[in-house]
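**Student:** Fold the stuff below for me.
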Amino acid sequence: MSSPTCNFAWYELMTTDTAAAGAFYSSVVGWTTKDVSQGSMTYFTFNLGAVGIAGLMTLPEEAKAMNHPPSWIGYIHVPDVDAYGVKVVEAGGKILKPATDVPGMLRFIVVADLQGTPFVIFTSNPNMPTPTDRPLPPTPGTVGWHELYAGDLEPAFTFYSTLFGWDKVTDMDMGPMGIYRIFGYEDKQVGGMMTKTPNVPVPCWGFYFQVDAISAAIERIKAGGGSVVNGPMQVPGGSWIVQGVDPQGAMFSLVSFEA
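**Tutor:** Below you'll find the predicted structure:
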């Protein structure tokens, strides 16, 4: 787990079948899985070589009881998770799961923004080693883009920019779909935000995993029992993207410079 302050640093899939999901993403994205369970907590990591990129766990029973579907969630690293939990509430968000410690690793809080979009804030244990050779985008297997489908773009952007210091890079007019805002942090583009379209049921974050080539990845999606719901399409800058659903029902996206 890397820890760039006030930026996404970890990703987690909560699903109904960890074995099947592990096999699916290993094939599609090129990851391997590793069992890092401790005590009664069963947990796996998706790895790129020896470096952990994301986590994998069974959808909690309380989430199932609320009819929460399998989904990905992002972790944003902050310098003081307890202080930022207060800031989230002051900015109009909510605490969904209070501060919890993972001994020797991190302290985290599950929160929602002012429009109900869930994400996690965390502070890593200062004694936890950070890989010095962590691969960066556009290396296949890394996370290349972050996308917020907001209930309403402007208040959502204000919420995140106030909390994390994210800046507007540029606005792109997409016609009937509205404005697509590219945001960044410390002179680096991080992702995009837009008011969600009617076919997106609730506000949510989406994550784009880098792959070798979109056409080849689409074949792997289909072979693994997933489905493509949008794309392939080329976006400004030349990259190709596709959005899909894994066999357990979690949404995901892929990006590549190669068609």
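**Student:** any idea which helix or strand comes after the lowest-mean-pLDDT helix or strand in the chain?
**Tutor:** Of all the helices and strands that make up the chain, the one with the lowest confidence by mean pLDDT, DSSP states H and E is helix 61-65; it has a mean of 81. Next along the chain after helix 61-65, taking DSSP states H and E as the criterion, comes strand 71-77.
**Student:** Could you list the low-confidence segments of the stretch 101-250 of the chain?
**Tutor:** Applying pLDDT under 70 to the stretch 101-250 of the chain flags the ranges 131-132.
**Student:** quick one: stretch 48-60 to chain centroid distance?
**Tutor:** Averaging C-alpha positions (CA atoms, centre = their mean, to the nearest Å) puts stretch 48-60 12 Å from its chain's average.
**Student:** make that stretch 111-119, sorry
**Tutor:** Using CA atoms, centre = their mean, the offset of stretch 111-119 from its chain centre is 13 Å.
**Student:** Any idea how far apart the tips of it sit?
**Tutor:** Start to finish, the residues bounding stretch 111-119 are 6 Å apart (CA to CA, to the nearest Å).
**Student:** Same check on stretch 241-257?
**Tutor:** Counting by CA to CA, you get 9 Å between the two ends of stretch 241-257.
**Student:** what's the spacing between it and its chain's center?
**Tutor:** Taking CA atoms, centre = their mean, the mean C-alpha location of stretch 241-257 is offset from the chain mean by 12 Å.
**Student:** For it, buried residues please.
**Tutor:** Within stretch 241-257, the residues that count as buried by 16 or more other CB atoms under 10 Å are 241-248, 250-256. Every C-beta, even on glycine, is put in place using the N, C-alpha and C of the backbone.
**Student:** Contacts for the least confident helix or strand of the chain, please.
**Tutor:** residue 14 (CB atoms under 8 Å, 6 or more residues apart in numbering).
**Student:** How about the contacts made by residue 187?
**Tutor:** For residue 187, no contacting residues are found, by CB under 8 Å, 6+ apart.
**Student:** Name the nearest residue to residue 143, ignoring sequence neighbours.
**Tutor:** residue 207 (5.6 Å; CB to CB, 6 or more residues apart in numbering).
**Student:** Pretty sure the one you found sits against residue 251.
**Tutor:** No - counting by CB atoms under 8 Å, residue 207 stays clear of residue 251, with 9.3 Å between them.
**Student:** Which residue lies nearest the spatial centre of the chain?
**Tutor:** Central residue of the chain (CA atoms, centre = their mean): residue 74, 3.9 Å from the mean position.
**Student:** Distance check, that one against residue 83.
**Tutor:** Counting by CB to CB, to the nearest Å, the separation of residue 74 from residue 83 is 20 Å.
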